[in-house]
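Novice: Here's my sequence, what's the structure:
(chains A and B)
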2 protein chains.
Amino acid sequence: MKLAKRMERMQASEIRELLKLTAQPEIISFAGGLPAPELFPVEEIAKISHDLILKEGRQLLQYGTTEGRVTLREKIAKRMADKYKTVVDPDDILITTGSQQCLDFAGKIFLDPGDVVLCESPSYLGALNAFNAYEPVFVEVPTDEGGLIPEELDKILETTPRCKFIYVIPDFQNPTGRTWTLERRKKFMEVVNKYNLPVLEDNPYGELRYEGEIMPSLKSMDIKGLVMFLGTFSKIFCPGLRLGWVAAEHSVLQEFVKVKQSADLHTSNFDQGVADAYMENYDLDEHVRDIVARYRKRRNLIIQTMEKEFPKGTEWTHPQGGLFLWMTFPEGVSALKVFEKCIEMKVAGVIGDAFYPNKKTDRSMRINYSNMPEDKIVEGIKRMAKAIRDCMA
Amino acid sequence: MKLAKRMERMQASEIRELLKLTAQPEIISFAGGLPAPELFPVEEIAKISHDLILKEGRQLLQYGTTEGRVTLREKIAKRMADKYKTVVDPDDILITTGSQQCLDFAGKIFLDPGDVVLCESPSYLGALNAFNAYEPVFVEVPTDEGGLIPEELDKILETTPRCKFIYVIPDFQNPTGRTWTLERRKKFMEVVNKYNLPVLEDNPYGELRYEGEIMPSLKSMDIKGLVMFLGTFSKIFCPGLRLGWVAAEHSVLQEFVKVKQSADLHTSNFDQGVADAYMENYDLDEHVRDIVARYRKRRNLIIQTMEKEFPKGTEWTHPQGGLFLWMTFPEGVSALKVFEKCIEMKVAGVIGDAFYPNKKTDRSMRINYSNMPEDKIVEGIKRMAKAIRDCMA
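Specialist: You can find the predicted model right below:
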């Protein structure tokens, strides 16, 4: 069988093989991006599901509209206004099968082979894979502690043809855990406005803030209708339901709707109904406060343990929220070697190389701290410390 | 914003505008492909959902594997063997967000711009739209009462370069309601084997047979691993859950898995769990027998009413199963005019032109008989008869 050219780019990679190793049983895994399952509101969802199906099963189990459940879109619009001061019309929101689907759709809507996608360096692996199917060239924009550096973006845009959009995660970025400063956000919007560059603003973790002030979203500063805001219920509710959304200027949203219709018709009515009914009958804010309290504790614990256990020269970010931090090993220490040593010791992170679309050898590792219980966090970091020391020797 | 070239092909079409008209309230609609909602096992699903979430909520609400729930894939494999004598390994099945998603994935896996997709003439609109996003050339293979004509396919394949796959619906085809004869199936497989042409066999309606013998699937005759079999729970259970699957030779299935991972990570665990638990705790065969009894009655009623009401010269197919029949108006009668007249009279079918990928003016209309209750079927066909007579006058 002769496959499309794009499939050559999607073949099994070295990175994919490494990721497989992290899924071995008995491993203490800081590798995934999984929420803590012990916090899922299981009993509430059981009750809601039952009542909802009895109440509106005939509609819920039938085909639905591509755009998604109206009352859920209204609640999302309200939440975006409350949490991020981002005002959008419910009609400019499309419910998707997880926010991963928005990434695929953005690629489909904007990219011809050879077009340029800009992204932070490093960036979210799953997004890079989604865009990759549409055969773009990736151009990485340098970042530092304050987030993406707008002046660098300006320079790139001045000299690079065929830039179709930029993909960014301004809040608790995946993989670094960093958050853009307010000043950077403003400057960034100036630059994209200057070039009329569409922006894919991915915000899966924004509500999971453990300290400091919420930053305004890029979408809230968007005067030209350039920003497409992606949200998800995966981190504030539960990911097994596959519920995300995109909010965008009306004409752009219509392109997403068209693509959604031919991709999977619509998002599960059942999943949409459950999230809607949960927000109707329970306090999602209170639930998010519980998640935040737990993850804050885990973030504090993992950093304390790192401070205590890690050999000098290894550094890490101090995220104000989200699920990840980013470790950098001392000069001369190979992240791949540390990774291999970690797997031997039954502990795992994700090797930094995975987060650069253009091949790169980095001294970094992404660490997730939301999924493992406290005792495993301590034990895992101890093992990792030993792996690093072994590689330094 | 500069969009990808493919989006030009996906813009609002005349057909799309016509379809919108069929969704007006108070219309008696034979236009959609909706199952009868009064048959959904609402109380059973309410109970199942509740119990399932209490029992395994922590896993069910967490991220899942891309391939899908193991016990559900096992049940699907067993069902394919029982119903279609089609033996596949559960590991060669991928659960998808409706079978529509399989169509999108097939386009993504096989098609570069300008590649050829073969299909029956006419064929399912939703499939054509899904493939269209990957910018193929469509080549239509002639059909008659016995289904696709293999000799015609042979001729086309002999002279047409870049044929990447053929899309077919051998059982109760959408839109015609026709079923391929056994002889045609055998001959078809000889032709595709000769050219090593991959086959997308879509079988959403196969279990909804109202009379006659079940035909073996193409997949069951597939000795070279060329056939990808698409199935769905939308017509035998309920579509609001978004559950379909593809069964294919192992290496091909792996391409679907890769594409699925970057498209939406995995199908809703909740939806998967509900279908699995329903089959575990209730008798899906019995449920399908109820559906078949109801739809058979509706098919009989709609045909009887057509025989009684329609003016001479209008013809229609006599489907042995599925959801659709195909009407052809007398020479000189415009389907578009009949359609417009029907909309005035608050009744709707889908104009035949919609089902040809290459622009064509046809004298046909697709009629769905599963969704409307009996009294509306009679009233709707009476109105339609008047519309046809008006157009003949």
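
Novice: which SSE is A:A263 in?
Specialist: For A:A263, the host element (DSSP states H and E) is helix A:250-264.

Novice: For A:N193, see how far away A:E183 is.
Specialist: As judged by C-beta to C-beta, to the nearest Å, A:E183 and A:N193 stand 16 Å apart. To be clear about C-beta, it is placed using only N, CA and C from the backbone, and glycine gets the same treatment.

Novice: which of these two has more neighbours?
Specialist: A:N193 (15 against 11; other C-beta atoms under 10 Å in any protein chain shown).

Novice: Would you agree the more buried one is in contact with A:I223?
Specialist: Yes - counting by C-beta atoms under 8 Å, A:I223 is a contact partner of A:N193 at 7.2 Å.

Novice: what's the first-to-last distance across stretch A:239-247?
Specialist: End-to-end distance of stretch A:239-247 (C-alpha to C-alpha, to the nearest Å): 19 Å.

Novice: what about that stretch, near chain B?
Specialist: Yes - where contact is defined by C-beta under 8 Å from any C-beta of the partner chain, part of stretch A:239-247 touches chain B, namely A:P239, A:G240, A:L241, A:R242.

Novice: And the host helix or strand of A:F188, what's buried?
Specialist: Using DSSP H and E, the element containing A:F188 is helix A:182-195. Neighbour-count burial for helix A:182-195 flags A:R184, A:R185, A:K187, A:F188, A:M189, A:V191, A:V192, A:Y195 (criterion: 16 or more other C-beta atoms under 10 Å in any protein chain shown).

Novice: quick one: the fifth one and A:L148, what's the gap?
Specialist: Read that as A:M189. A:M189 is 12 Å from A:L148, where distance means C-beta to C-beta.

Novice: Okay, strands next: where are they in the stretch 201-350 of chain A?
Specialist: Taking DSSP state E, counting those that start in this stretch as the test, the strands found in the stretch 201-350 of chain A are A:227-232, A:244-247, A:315-316, A:324-328, A:347-348, A:350-351.

Novice: Would you mind giving these as TSV with mean neighbour count added?
Specialist: Putting those into TSV (neighbours: other C-beta atoms under 10 Å in any protein chain shown) gives the following:
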stretch	mean neighbour count
strand A:227-232	26
strand A:244-247	26
strand A:315-316	16
strand A:324-328	22
strand A:347-348	26
strand A:350-351	26
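
Novice: Dump those strands into a markdown table; add distance to B:E26 and mean pLDDT as well.
Specialist: Shown next, in a markdown table, are the strands of the stretch 201-350 of chain A (distance: least, C-beta to C-beta, whole Å; pLDDT from 0 to 100):
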| stretch | distance to B:E26 | mean pLDDT |
| --- | --- | --- |
| strand A:227-232 | 36 | 98 |
| strand A:244-247 | 31 | 98 |
| strand A:315-316 | 63 | 96 |
| strand A:324-328 | 53 | 97 |
| strand A:347-348 | 59 | 96 |
| strand A:350-351 | 56 | 93 |
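
Novice: export those to a markdown table and tack on distance to B:M306?
Specialist: Compiled in a markdown table, the strands of the stretch 201-350 of chain A are given as follows (distance: least, C-beta to C-beta, whole Å):
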| stretch | distance to B:M306 |
| --- | --- |
| strand A:227-232 | 48 |
| strand A:244-247 | 44 |
| strand A:315-316 | 73 |
| strand A:324-328 | 63 |
| strand A:347-348 | 65 |
| strand A:350-351 | 62 |
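
Novice: low pLDDT regions in the stretch 201-350 of chain A?
Specialist: Counting by pLDDT under 70, the stretch 201-350 of chain A contains no low-confidence range.

Novice: Quick one: end-to-end distance for stretch A:303-317.
Specialist: 9 Å.

Novice: and stretch A:25-34, how far apart are its ends?
Specialist: In stretch A:25-34, first residue to last residue: 16 Å (C-alpha to C-alpha).

Novice: is that stretch anywhere near chain B?
Specialist: Yes - using C-beta under 8 Å from any C-beta, stretch A:25-34 comes into contact with chain B via A:G32, A:L34.

Novice: Return the set of buried residues in that stretch.
Specialist: Residues of stretch A:25-34 classed as buried: A:I27, A:I28, A:S29, A:F30, A:A31, A:G32, A:G33, A:L34 (neighbour count, 16+ other C-beta under 10 Å).

Novice: can you tell me which of these are in strands?
Specialist: Among those, the members found in strands (DSSP state E) are A:I28, A:S29.

Novice: count of residues packed around A:I169?
Specialist: Residues lying near A:I169 (other C-beta under 10 Å) number 28.

Novice: meant to ask about A:V288
Specialist: A:V288: 17 surrounding residues under other C-beta under 10 Å.

Novice: Over to the one 10 residues further on?
Specialist: Per other C-beta under 10 Å, the neighbour tally for A:R298 reads 21.

Novice: quick check, nearest of the buried residues of stretch A:25-34 to chain B?
Specialist: Closest to chain B out of those is A:L34 (5.8 Å), distances taken as C-beta to the nearest C-beta.

Novice: how near is that closest one to A:L18?
Specialist: A:L34 sits at a distance of 18 Å from A:L18 (criterion: C-beta to C-beta).

Novice: what residues are up against the residue lying closest to A:Y84 once chain neighbours are set aside?
Specialist: In this structure, A:Y84 finds its nearest non-sequential neighbour in A:S217, 4.3 Å apart by C-beta to C-beta, 6 or more residues apart in numbering or on different chains. Going by C-beta atoms under 8 Å, 6 or more residues apart in numbering or on different chains, A:S217 touches A:M80, A:Y84, A:K85, A:T86, A:P170, A:E201, A:N203, A:G206, A:V227, A:F229.

Novice: Kindly report the same for A:I214.
Specialist: Taking C-beta under 8 Å, 6+ apart, we find A:I214 in contact with A:K83, A:Y84, A:G206.

Novice: try 10 Å this time
Specialist: Contacts for A:I214 (C-beta atoms under 10 Å, 6 or more residues apart in numbering or on different chains) come out as A:K83, A:Y84, A:K85, A:D171, A:T179, A:G206, A:E207, A:G321.

Novice: Against chain B, how distant is A:P41?
Specialist: Distance, A:P41 to chain B, using C-beta to the nearest C-beta, to the nearest Å: 9 Å.

Novice: Also A:P198?
Specialist: Note on A:P198: its distance to chain B, by C-beta to the nearest C-beta, is 5 Å.
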